[in-house]
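Q: I would like to see how this sequence folds:
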Amino acid sequence: MQRILTLISLAVLVVVGLMAFSSYKGAILGGENNQYPVMTASQDFYSLTANTLEGESFSFEQLKGKRVMIVNTASRCGYTPQYEKLQALFKEHGGEDFVILGFPCNQFGRQEPGSSEEIGAFCTKNYGVTFQMMEKVDVKGDKQHPVYQWLCSGDKNGAGDHKVAWNFHKFLVDGEGSLRASLKSGADPLGDEISAFAAGK
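A: This is a model prediction of the structure:
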């Protein structure tokens with residue numbers, strides 16, 4: 001009888017563990033990606049500012065009329081190879097109408113511990129990144145950067161509340177400054193949805 005109870009207990013633990021893993025995996029890989037119609041934000045996207053990887057002030061005012069992808073990045077993540085696809089996407093569509101802003105972040109598994117110089121060198125050497133890389137920031141918590149406060153707060157962006165669950169979460173903002181999509185880490189940078197957005201289709 002004791003053996004049977006032990007086996008039942010083990011089975012319950014396995015089921016609970018699998019359910020927890022499934023939930024974690026879903027938060028990172030996909031499911032619950034959100035797309036929005038054009039909406040009016042309570043805070044103007046173009047009022048935001050951030051620093052570039054080189055420490056220079058970057059006003060979002062200069063993004064007016066451009067489609068923007070904002071993605072939190074890391075150099076030691078399983079998703080780090082997405083840099084290659086992000087660069088390919090930027091090479092094909094980037095410039096006057098489409099911009100990628102990469103925000104390094106060390107909050108997930110401490111997978112971005114490097115300095116600005118080290119991050120820049122890594123991106124250039126390994127992936128030939130030419131899209132705009134920004135200063136390392138917090139994308140959640142008490143020190144959440146104002147850009148991510150806007151992206152994650154429905155009160156500010158006018159579309160919905162979001163939580164960045166892991167590296168390479170992608171936000172899409174249209175040429176009018178409206179948040180149009182929040183896509184989990186597993187979203188393919190060269191997939192149909194993102195490619196169509198980058199091309200303005």
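Q: for the helix or strand containing residue 120, packing partners?
A: Element membership for residue 120 (DSSP states H and E) is helix 116-127. The contact analysis (3 or more Cβ pairs under 8 Å, 6 or more residues apart in numbering; DSSP states H and E) places helix 116-127 against helix 82-93, strand 132-133. C-betas here are computed from N, CA, C, even on glycine.
Q: cutoff 10 Å now
A: Secondary-structure packing of helix 116-127 (3 or more Cβ pairs under 10 Å, 6 or more residues apart in numbering; DSSP states H and E): helix 82-93, strand 98-104, strand 132-133.
Q: any idea which of the ones you listed is most buried?
A: Stretch with highest mean neighbour count among the helices and strands packed on helix 116-127: strand 98-104 (a mean of 23; mean count of other Cβ atoms under 10 Å).
Q: quick one: that one to helix 82-93, angle?
A: On the basis of axes from the mean of the first three to the mean of the last three Cα atoms, to 10 degrees, strand 98-104 is oriented at 160 degrees to helix 82-93.
Q: thinking again about what came up before, can you list the buried residues in the helix holding residue 120?
A: Neighbour-count burial for helix 116-127 flags 116, 119-120, 122-123, 127 (criterion: 16 or more other Cβ atoms under 10 Å).
Q: Save those residues as TSV, and put in distance to residue 198 and pLDDT too.
A: What follows is the buried residues of helix 116-127, written out as TSV (distance: Cβ to Cβ, whole Å; pLDDT from 0 to 100):
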residue	distance to residue 198	pLDDT
116	26	97
119	23	98
120	23	97
122	24	98
123	19	98
127	17	98
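Q: of all the residues you listed, which two lie farthest apart?
A: 116 and 127 (16.5 Å; Cβ to Cβ).
Q: what about stretch 148-167, start to end distance?
A: The first and final residues of stretch 148-167 sit 13 Å from each other (Cα to Cα, to the nearest Å).
Q: hang on, the earlier thing: and the angle for the helix holding residue 120 with helix 82-93?
A: Relative orientation of helix 116-127 versus helix 82-93 (the same axes, to 10 degrees): 70 degrees.
Q: No more questions from me, cheers.
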